[in-house]
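> sequence plus the predicted model coming up.
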Amino acid sequence: MKKINMSIVLNIIMIIFLLATFYWQYDQLFVTRITLVVFALIYLLFEVKKEYISKNKMVFIIFSAISLISIIISIIIDNSSVNNVPSDRDYLIPVFTFTLIVIMYKDFYAKKQ
């Protein structure tokens, strides 16, 4: 019997939650949610192809930087398209994303040492 990989399960739960926010018709941060779904799918692919990513550290670092920059840009686009004042919580999304990327980085590369 195979061991359940919790990081893959958590990625799938996060993707389901992000897709559910579209169903709930939450109108704010539309572009940001689309961006987060795309990057969550790619990070799920990274979890599946863990051996390749653990050998190529630069691919993970470059993709992480690209994902953080694109999330920040999508938040700016979402807040500029809405006429109301941006929420302070919107700017915590990149902080949480960075924290998750650091945890994933440690998961990929701390076990090799």
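Received, thanks.

> do I have it right that residue 35 meets residue 74?
Yes: between residue 35 and residue 74 there is a contact at 4.4 Å, judged by CB atoms under 8 Å. Where C-beta positions appear, they are placed from N, C-alpha and C, glycine not excepted.

> settle it for me: which of these two has more neighbours?
Shown here are residue 35 and residue 74; by other CB atoms under 10 Å, residue 35 has more neighbours (23 against 20).

> residues in contact with that one?
70-71, 74 (CB atoms under 8 Å, 6 or more residues apart in numbering).

> mind doing that once more with 10 Å?
18, 29, 67, 70-75, 77-78, 93, 97 (CB atoms under 10 Å, 6 or more residues apart in numbering).

> quick one on the thing from earlier: any shared contact partners between residue 35 and residue 74?
With CB under 10 Å, 6+ apart as the test, residue 35 and residue 74 both reach 29, 93.

> rewinding a little: which among the contacts of residue 35 count as buried?
Using 16 or more other CB atoms under 10 Å as the burial test, the contacts of residue 35 include 18, 29, 67, 70-72, 74-75, 78, 93, 97 as buried.

> identify the residues contacting the helix ranked longest in the chain?
If you go by DSSP state H, the chain has its longest helix at helix 57-81. When contacts are defined by CB under 10 Å, 6+ apart, helix 57-81 is touched by residues 27-36, 38-40, 42-43, 46, 52-54, 56, 85-87, 90-91, 93-98, 100-102, 104-105, 108-109, 112.

> the helix or strand just after it - contacts with which helices or strands?
Using DSSP states H and E, the next helix or strand after helix 57-81 towards the C-terminus is helix 93-109. Packing contacts for helix 93-109, counted by 3 or more CB pairs under 10 Å, 6 or more residues apart in numbering; DSSP states H and E, involve helix 6-23, helix 30-48, helix 50-55, helix 57-81.
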